[in-house]
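**Q** Sequence first, predicted coordinates after that:
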Amino acid sequence: MINILSICQNAKKASRSLALASTKQKDLALSVLSDWLKENTSSISKENEKDVTQARQVGLDESLIDRLTLTHDRIESIASDLTAVVNLADPVGKVFEEQQLENGLRLHKQRVPLGVIAVIYESRPNVTIDVASLALKSGNAVILRGGSETLNSNRLLIKGIQHSLKTAGLDEGAVQFIDDSDRSLVNQLLKMHQYVDMLIPRGGAGLHTYCRENSTIPVITGGIGICHLFVDESADQEKSIEVIRNAKIQRPSVCNALDTVLVHKNISLSFTQNLIQSLVKDGVSFKVDETTFKQLSIAKTNNVEKAGENDFNTEWLSLVLGIKTVAGLDEAIAHITEHSTAHSDGILTNNAANADRFIREVDSAVVYVNTSTRFTDGAQFGLGAEVAVSTQRLHARGPMALRELTTYKWVGVGDYLVRA
């Protein structure tokens, strides 16, 4: 029987010793885990195949099955990301913003771990390793609650994590796993503010809303991306199609995949037809606004249809792309403001003034100029990995990695100083 109170208490206890662990100890645990993943790739794949088979039997959406799947290449990539985290500087104890006041008081800020982080996530067993590794390196204990569809994969991955902690001489309680899909356990976890310092839900909008409305723990949400690219009339159209293609098809089931292309009216007809003719070869289908639909001579094909009422508010997570003709930059920004989830949005342009204005006015966690939205990723940003992509304004935005899992304390040093 899972005891949530005991799990949280053990995590809190472990967080105190982990906060004092040396960088050498933490890096050893991560290196051992990386080696363990490589040595156990076949076993991990077999357990993952059980999850995938069960997911198909219950009719799980193909985009979620893709997120669930751990291929040999993906496992190798996860192991490589662990090595990247080892090579990153340890943020714990870092001193910054040093100053000396006129009264002689020497002040600085010093980074410290947040404490205990709980992460609730769905369909992605790689998150188990990503979150555990970043929490460990930043000195935080973590409580993991994956979805029911990932239990076989996660159970084995947790064994590898516990083995790594033990080998490095660290408290195995630093990584806790809720090995039960009973949703009542989540309700209990959401009330454990006495022991848990931050809650991060990674899943659909329903999970985010539920956690925000029911948690007594501070919540950071993110990972839902309705991502846009605006093609300005000055853009290099051939290169823009390649950027859009990468953003849409490289891995369509993830949150930084492209959902909507906005096209300047002056190039809409020719550009949109060329874009569709290019991407249809990759199996992409299109939801286009009425203006675009009317002007397309190829709109009669089965791959192009008029967008429905909520289509521009949909994160497709599949090979579906929305296209809309806009009058210019003003309308593009207005559309993004209304429909974006503040994840990743970009402009394709050769007009520096338009690029600058887009950067200033589009309030997303990551804003791009002439770049695929697929780069919004902790590893791609040189952060090693990420625990989530935050779309909030408080504490952290964008890919959350080591520094975002710390807070700071003020340290004041004097020579037996007293206040006048």
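**A** Received it, and whenever you're ready, just let me know what you need. Bear in mind that the values here come from a model prediction, so they are computed numbers and not experimental data.

**Q** Pop the domain breakdown of the chain in here.
**A** Per automatic domain parsing, the structural domains of the chain span 4-221+392-413, 227-375.

**Q** could those domains be laid out in CSV, adding mean neighbour count and mean pLDDT?
**A** For the C-beta atoms, the positions are set from N, CA and C on the backbone; glycine is no exception. Converted to CSV, those look like this (neighbours: other CB atoms under 10 Å; pLDDT from 0 to 100):
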stretch, mean neighbour count, mean pLDDT
domain 4-221+392-413, 19, 95
domain 227-375, 19, 94
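
**Q** Compare the ones you listed and give me the one nearest residue 382.
**A** Nearest of these to residue 382, taken as CB to CB: domain 4-221+392-413 at 8.1 Å.

**Q** And the helices in the stretch 201-350 of the chain?
**A** Taking DSSP state H, counting those that start in this stretch as the criterion, the stretch 201-350 of the chain contains helices spanning 205-214, 237-249, 268-279, 290-295, 329-339.

**Q** Which strands and helices lie in contact with the second one?
**A** If contacts are counted by 3 or more CB pairs under 8 Å, 6 or more residues apart in numbering; DSSP states H and E, helix 237-249 sits against strand 227-231, strand 258-264, helix 268-279, strand 344-348.

**Q** and the angle from it to strand 258-264?
**A** 160 degrees (axes from the mean of the first three to the mean of the last three CA atoms, to 10 degrees).

**Q** and residue 84, what does it touch?
**A** Going by CB atoms under 8 Å, 6 or more residues apart in numbering, residue 84 touches 379, 384, 385.

**Q** and these as JSON lines, adding distance to residue 162, neighbour count and secondary structure?
**A** Below are the contacts of residue 84 laid out as JSON lines (distance: CB to CB, whole Å; neighbours: other CB atoms under 10 Å; DSSP: H, G, I helix; E, B strand; the rest coil):
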{"residue": "379", "distance to residue 162": "24", "neighbour count": "18", "secondary structure": "coil"}
{"residue": "384", "distance to residue 162": "21", "neighbour count": "23", "secondary structure": "coil"}
{"residue": "385", "distance to residue 162": "19", "neighbour count": "26", "secondary structure": "coil"}
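
**Q** Closest one to residue 89 out of those residues, please.
**A** Nearest to residue 89 among these is residue 384, at 10.6 Å by CB to CB.

**Q** Tell me if I'm right that that closest one and residue 90 touch.
**A** No. Counting by CB atoms under 8 Å, residue 384 does not reach residue 90; the two are 11.7 Å apart.

**Q** what is in contact with the two at once?
**A** By CB under 8 Å, 6+ apart, residue 384 and residue 90 have these common neighbours: 137, 402.

**Q** measure residue 108 to residue 99 for me?
**A** 7 Å (CB to CB, to the nearest Å).

**Q** Tell me who's in contact with residue 368.
**A** Residue 368 makes contacts with 229, 344, 345, 346, 347, 375, as judged by CB under 8 Å, 6+ apart.

**Q** Confirm it sits in a strand?
**A** Yes. With DSSP: H, G, I helix; E, B strand; the rest coil as the criterion, residue 368 is part of a strand.

**Q** Report the beta-bridge partners for it.
**A** On DSSP bridges, the residues paired with residue 368 through beta bridges are residue 346.

**Q** distance of it from residue 166?
**A** Counting by CB to CB, the separation of residue 368 from residue 166 is 43 Å.

**Q** Equivalent analysis for residue 56, please.
**A** Remark: distance between residue 56 and residue 166 (CB to CB) = 35 Å.

**Q** Ok, residue 134 next?
**A** Relative to residue 166, residue 134 is positioned 20 Å away (CB to CB).

**Q** now do residue 158
**A** From residue 158 across to residue 166, the span is 12 Å (CB to CB).

**Q** Ok, residue 225 next?
**A** Counting by CB to CB, the separation of residue 225 from residue 166 is 37 Å.

**Q** Please apply the same query to residue 191.
**A** Going from residue 191 to residue 166 by CB to CB gives 31 Å.

**Q** Same check on residue 18?
**A** Per CB to CB, residue 18 is found 14 Å from residue 166.

**Q** Could you check how many residues crowd around the closest residue in space to residue 103 that isn't next to it in sequence?
**A** Computed as CB to CB, 6 or more residues apart in numbering, the closest residue to residue 103 that is not its neighbour in sequence is residue 417, at 6.8 Å. Counted with other CB atoms under 10 Å, residues neighbouring residue 417 total 13.
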